[in-house]
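Undergrad: Provide a 3D model corresponding to the input given below.
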Amino acid sequence: MIHATLIPESGCTARLHCANRVFPAVIGAAGITRHKEEGDHATPVGTFLLRKLFYRADQISRPILGPVHADGSRLLLEPITRQDGWCDDQSHADYNRQITLPHPARHEELWREDHLYDIIGVLGYNDEPPVAGRGSAIFLHLQSPDKAPTEGCIALTEADLREALAMGLSSITVEAAS
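TA: Okay, the predicted model is just below:
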């Protein structure tokens with residue numbers, strides 16, 4: 001069980017402090033916020049459990065996971081399919097939940113051609129229960145090659161994300177900018 005702390009730097013850059021390692025990270029284009037709203041491109045402040053992991057089995061090898069629970073068990077890890085999506089329609093009952101495509105509500109496809117979602121960690125933000133408009137699909141995923149800002153997620157290089165998962169990353173605290 002490894003708890004990490006994300007400390008914002010400037011703009012959309014941050015550092016993820018994970019055990020004895022520090023990983024450069026990319027965050028939302030609007031930086032960090034205490035008052036997350038759907039579509040604001042900000043990364044929310046708080047402590048979030050890593051709920052579940054997905055990966056593109058056709059693109060990358062299965063990530064190695066360290067134990068994250070006191071009993072030594074690991075996170076649920078599932079291959080992504082073309083039918084996997086995430087609802088970001090705040091007027092729908094499935095808001096901020098995994099869905100099966102096709103789906104009538106506005107949603108995000110988890111099977112992406114840009115490879116940012118080749119590994120996705122679902123962070124436990126606004127999910128018990130989801131509150132409409134408070135933000136959805138806050139993930140830990142791969143950085144773009146040009147280190148472009150996210151829409152509110154936390155992004156690491158593939159090597160760094162794999163290392164953090166192998167260490168047993170189980171939760172992240174996102175700190176407010178000082």
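
Undergrad: confirm Leu165 sits in a strand?
TA: No: applying DSSP: H, G, I helix; E, B strand; the rest coil, one finds Leu165 to be helix, outside a strand.

Undergrad: what's around it, how many residues?
TA: Leu165 has 27 neighbours, counted by other Cβ atoms under 10 Å. Every residue, glycine included, has its C-beta placed from N, CA and C.

Undergrad: might one say that it is in contact with Tyr55?
TA: No: contact between Leu165 and Tyr55 fails when scored by Cβ atoms under 8 Å: they sit 9.9 Å apart.

Undergrad: touching both of the two, which residues are there?
TA: Taking Cβ atoms under 8 Å, 6 or more residues apart in numbering as the criterion, Leu165 and Tyr55 both touch Pro63, Ile119.

Undergrad: please tell me how far the most centrally placed residue in the chain sits from Ala164.
TA: In the chain, the centroid-proximal residue (Cα atoms, centre = their mean) is Phe139; its distance is 1.5 Å. As judged by Cβ to Cβ, to the nearest Å, Phe139 and Ala164 stand 14 Å apart.

Undergrad: His3 contacts Ser170, correct?
TA: Yes: His3 is within contact range of Ser170, at 6.6 Å (criterion: Cβ under 8 Å).

Undergrad: higher neighbour count, these two?
TA: Neighbours per residue (other Cβ under 10 Å) separate His3 from Ser170, with Ser170 holding more: 18 against 15.

Undergrad: and what about that one, helix, strand or coil?
TA: strand.

Undergrad: could you give the bridge partners of Leu53?
TA: With DSSP bridges as the criterion, Leu53 is bridged to Leu77, Gly121.

Undergrad: from what I can see it touches Arg74, true?
TA: No: under the criterion of Cβ under 8 Å, Leu53 lies out of contact with Arg74, with a separation of 9.1 Å.
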